[in-house]
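> sequence plus the predicted model coming up.
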Amino acid sequence: MVDMNVSYEEYTDAFLIWMKDVGYTVHTQKSYLGDVSQFLDSLVGKKLEQVKKIHVMSYLSSVREKGVSDNTRNRKHAAVNCFFKALMELEMAASNPAGGIKKSKTEKNRTPVYLDEQQMPRFLESVEGKYRSRNVAVFLLMAYMGLRVGEVHTLNLNDYNRERHTLDVFGKGRKWRTLPVPAAVGVMLDRAIQERITPWRKKEDALFISQKGQRLSIRNIQQIAAETFARYQSDLPKHQRIPYSSHKLRHSFATMLLRKGADLRTVQELLGHSSIQTTTVYTHVTSREKEEAISRLEVVLPF
């Protein structure tokens, strides 16, 4: 029976508490809550104990029909799955109707998007504006140290050790990793700290501050990257422009390291991947490298 007056607030509040306790980032909390709220709206008043696997599949089918990518569909599935897992742990649900539903197959053989070593300087030259030092420092951390956008967002002043040339990074799974800071990156970090905007809260210890005097948000970083990539490609016709994003700088870091002969396990540690399987996606080769490899073969024709 459907009750149009049913409220799910108790469940979403509990889910938020669970995510905070597990250690999900604020960005993930917001993203998952948004997806779960969308799913709950699709139930049109159905009580949670009445929800079956078919209702979850119907929701996932509906979002796909609206044109979202397979990756987005899988993220929404992960959010709903996580929601019911949390409720089961909190003894607020007896089963997980989202469990056992297959992920959508994403395109695994798409041409990877990244900047190579020769392109990176020109991209950095495209950074403009009053807060150029800060923004260049942000991009250097992603492109030459492999930080995620969320990791840049959470950096605090005391995470950077100027004397030891190291940076402590709080990553996925609530894991810390300590990274060596290249000398050139250290120079720009020092400059960014020297020019750091005064935060409106005295106790704000964020490394990067927005023009509003608050911690630079993930959305801010993504927007700054989008604007810089647009300038970087402004001389190209629209159909030739590549869909770069801030996260592609991390792809560039991994690709450059592997091309320099870095060990896959070392790259895994630097990126903060829990599984080496995740790191193997960066072991792609370009068409040019394929051509160079085949050109070494001597083809002998039969006469």
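That came through, no problem. Residues are numbered from 1 along each chain as shown.

> quick one: the strands in this protein?
160-161, 166-170, 176-180 (DSSP state E).

> figure out which of those strands is closest to Gly213.
strand 160-161 (20.3 Å; CB to CB). Glycine gets a C-beta too; all of them are placed from N, C-alpha and C.

> sheet partners, orientation included, of that closest one?
strand 166-170 (antiparallel) (DSSP bridges).

> how about the CA coordinates for the partner strand, as PDB?
What follows is strand 166-170, C-alpha atoms only, in PDB (Å, rounded to 0.1, in the frame of the first residue of the first chain):
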ATOM      1  CA  THR A 166      56.800  16.500   1.900                       C
ATOM      2  CA  LEU A 167      53.000  16.700   1.700                       C
ATOM      3  CA  ASP A 168      50.600  14.700   3.900                       C
ATOM      4  CA  VAL A 169      47.500  13.800   1.900                       C
ATOM      5  CA  PHE A 170      44.200  12.500   3.300                       C
END
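
> which of the strands of the chain sits most buried?
Of those, the one with the most neighbours on average (mean count of other CB atoms under 10 Å) is strand 166-170, at a mean of 18.

> what's the angle between that one and strand 176-180?
150 degrees (axes from the mean of the first three to the mean of the last three CA atoms, to 10 degrees).

> which residues touch strand 166-170?
Strand 166-170 is contacted by residues 141, 145, 147, 151, 154-155, 159-161, 176-181, 272 when judged by CB atoms under 8 Å, 6 or more residues apart in numbering.

> 6 Å instead, please
Identification of contacts with strand 166-170 by CB atoms under 6 Å, 6 or more residues apart in numbering yields 151, 154, 159-160, 176-179, 181.

> what's the burial count for the closest residue to Ala79 other than its chain neighbours?
Once flanking residues are discounted, Ala79 sits nearest to Asp35: 3.7 Å by CB to CB, 6 or more residues apart in numbering. Neighbours of Asp35 under the rule other CB atoms under 10 Å: 21.
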